[in-house]
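> Make a model of this:
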Amino acid sequence: MKKFITMKSLNNDISSFLNFRNNKLDSSLVFFTTNRKLTVFHVLLTLFLTFFVVNANAQYSLNKSYDNIEIRGNITPFYKFRIYPESDSLSLIKQHKNIMRLKDARIRLKGSSMKKFFEYELHLDFANLIDGTSNQPKMPVLDGYVTLNHHIETTLGYTKIPFSRESMTAIIYSPFLKRSMIIDEGQSRRDVGLHLQKGILSDKIKFYASYVNGLPEISKQQDDSLGNELITRLEMSWPSKMKHRGVDVAKSPIPVFSLGTAYRYSHKGKNWDADDETIWTGIDGVKQSLTTDFAINYRGIQLLIERNHISYDYDDLYIGTAEIDAVIASNPSYNPPWPDYPFVLPENQYTTGYLMQLTYYLKKFNSVFSLRYDQANINYSKNSEHQNFMKGKIEDTFAFAYNYRLNNHLSVLKVQIGKTIFSGTDIYGADLDYSKRPSMLEIRLGFQYIIG
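I've put the predicted structure just below:
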């Protein structure tokens, strides 16, 4: 009984001690003075918990005076399986892609100094170094920046671009293992530059602005395309701040709303596409993006609606002006100054994406259920002179996700099932009639383990 009382007292002392661990030296003197009966083991244990805190509701932390470093990470292996219901032969041809992969192997160091006057983050994903899809592995850096907190949060470095609620929500907080098409492959989501952020009314209204390189790669010694990208965003929440989360874990007792809108502008001198989807992340001309998103949380239910609209206005040399057309007509061997495609890029080209996601958190069974519909209409034209391109490459995806949450650390078993239906005209593909491609059924099974 005496041992039980001693341990209970120790637990209470440690708990109360951790609440004021920032003043470690003075607190330690008080603690050890009032607890002389503690064994050497108890003292060492207390000191360890003070300087390297392990808490069920927080990251690992290292503290020194007013400086603090939080350590967190996640490991997410998953299995991807695809079949094409209308084509057994295509399913057979693509079966080599049905493999286990390491989606994430991340470690994040996030800290502050001078009473949070400076904040910084270094976020690495080592899974990018062993990406089997490319002979040139991606860079492991996800975030690397320093923030000055003085009236306006001023960040210098490489981090997320503030243009979409889904994009700004970390994947560990999403019920899905993969984002919607228009976000995952249609826009660059991180970049190097200057990032500004200001919140008012307890962050119920937030302003964002970023001025970045506008490049798809982080490591580039020079920008042959010239030009930069400007991003602005306004986000409003009511009656309280709404964090960027994909699940209403707090089971909000009253409805909480969020409305956001963002604008992106860049004028470059070179084209970059997003993998094999021919969604241009940068063009030789003016690219503008307008995003609108709406979200509501209430009693474990979250509804998210987004619209992303991208317009491409190519510089004249890449459109096919009358002067260039005349040169081509008189000299068929002339090498035109636009990309080597089987046609001339039409003026006023667009890509539009829609997203609707409904998620429910069933706390009693530690379960999350989510339904998502997203559509991407890629590279279509409103120019009546280009009737063949009026309808772009369209992908409609219907997806379902189930999560079983193992603990409050966000260690989650994730199941994602999605069906994608193809239609429209793939103006950059060998087969222009994109509707001839069979629909695709994809299943992803993953385990997300959180470190810290």
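> excluding its backbone neighbours, what's nearest Ile182?
Distances taken as CB to CB, 6 or more residues apart in numbering place Gly353 nearest to Ile182, at 2.5 Å, with adjacent residues excluded. C-beta: built from backbone N, CA, C; applies to glycine.
> Just the mean pLDDT for the regular element (helix or strand) spanning that neighbour, thanks.
Per DSSP states H and E: Gly353 is located in strand 349-362. For strand 349-362, mean pLDDT is 95.
> neighbouring strands for that strand, and are they parallel or not?
When pairing is defined by DSSP bridges, strand 349-362 lines up against strand 301-314 (antiparallel), strand 367-381 (antiparallel).
> Nearest approach to Val247 belongs to which of those?
strand 367-381 (5.5 Å; CB to CB).
> The very next helix or strand once past the closest one packs against which elements?
Using DSSP H and E, the helix or strand that follows strand 367-381 in sequence is strand 393-405. Helices and strands touching strand 393-405, by 3 or more CB pairs under 8 Å, 6 or more residues apart in numbering; DSSP states H and E, are strand 367-381, strand 412-424.
> Can you check what angle separates strand 393-405 from strand 412-424?
Strand 393-405 runs at 170 degrees relative to strand 412-424, counting by axes from the mean of the first three to the mean of the last three CA atoms, to 10 degrees.
> still on that earlier bit, tell me if I'm right that the residue nearest to Ile182 and Glu185 touch.
No. Look at Gly353 against Glu185 with CB atoms under 8 Å: they stay out of range, at 10.0 Å.
> ok, the two, which is more surrounded?
Neighbour tally, Gly353 and Glu185, criterion other CB atoms under 10 Å: the higher count belongs to Gly353, 25 against 20.
> so who does Ser65 touch?
When the contact criterion is CB atoms under 8 Å, 6 or more residues apart in numbering, Ser65 has no partners at all.
> How about Thr147?
Thr147 neighbours (CB under 8 Å, 6+ apart): Phe118, Glu119, Tyr120, Glu153, Thr154, Thr155, Leu156.
> quick check, distance from the host helix or strand of Glu166 to the centre of its chain.
Assigned by DSSP H and E, Glu166 belongs to helix 165-168. In this view, helix 165-168 has its centroid 6 Å away from the chain centroid, taken as CA atoms, centre = their mean, to the nearest Å.
> quick one: contacts of it?
By CB under 8 Å, 6+ apart, the surrounding residues in contact with helix 165-168 are 160-162, 174, 179-180, 183, 187, 189, 235, 244, 258, 260, 293, 295, 304, 306, 355, 357.
> go with 10 Å
160-162, 174, 176, 179-180, 182-184, 187-190, 208, 233, 235, 242-246, 258-260, 262, 291-295, 304-306, 308, 355, 357, 372, 374 (CB atoms under 10 Å, 6 or more residues apart in numbering).
> Which members of those occur in helices, if any?
Members of those lying in helices (criterion: DSSP state H): Ile182, Ile183, Asp184.
> which SS class is the closest residue to Lys204 other than its chain neighbours?
Nearest residue to Lys204, sequence neighbours excluded (CB to CB, 6+ apart): Ser237, at 5.0 Å. Ser237 carries the three-state label strand when classified by DSSP: H, G, I helix; E, B strand; the rest coil.
> Isn't Ser237 up against Leu259?
Yes. Using CB atoms under 10 Å, Ser237 makes contact with Leu259 at a distance of 7.9 Å.
> Comparing those two, which residue is more hemmed in?
Legend: neighbour count by other CB under 10 Å for Ser237 and Leu259, higher for Ser237 (21 against 16).
> Look up which residues are beta-bridged to the closest residue to Ile378 other than its chain neighbours.
Excluding the flanking residues, the one nearest Ile378 by CB to CB, 6+ apart is Lys393, at 4.2 Å. Judged by DSSP bridges, the bridge partners of Lys393 are Ile378, Gly424.
> Count the residues that sit near Lys393.
25.
> ok so, going back, for the residue nearest to Lys204, which residues are in contact?
Here Ser237 is in contact with 201-206, 243, 256-260, 295, 297 (CB under 10 Å, 6+ apart).
> Can you tell me which of the residues you listed has the largest number of neighbours?
That'd be Asn297 among the contacts of Ser237, by other CB under 10 Å, with 27 neighbours.
> how close does the residue nearest to Lys204 sit to Met356?
20 Å (CB to CB, to the nearest Å).
> ditto for Asp143
Asp143 is 29 Å from Met356, by CB to CB.
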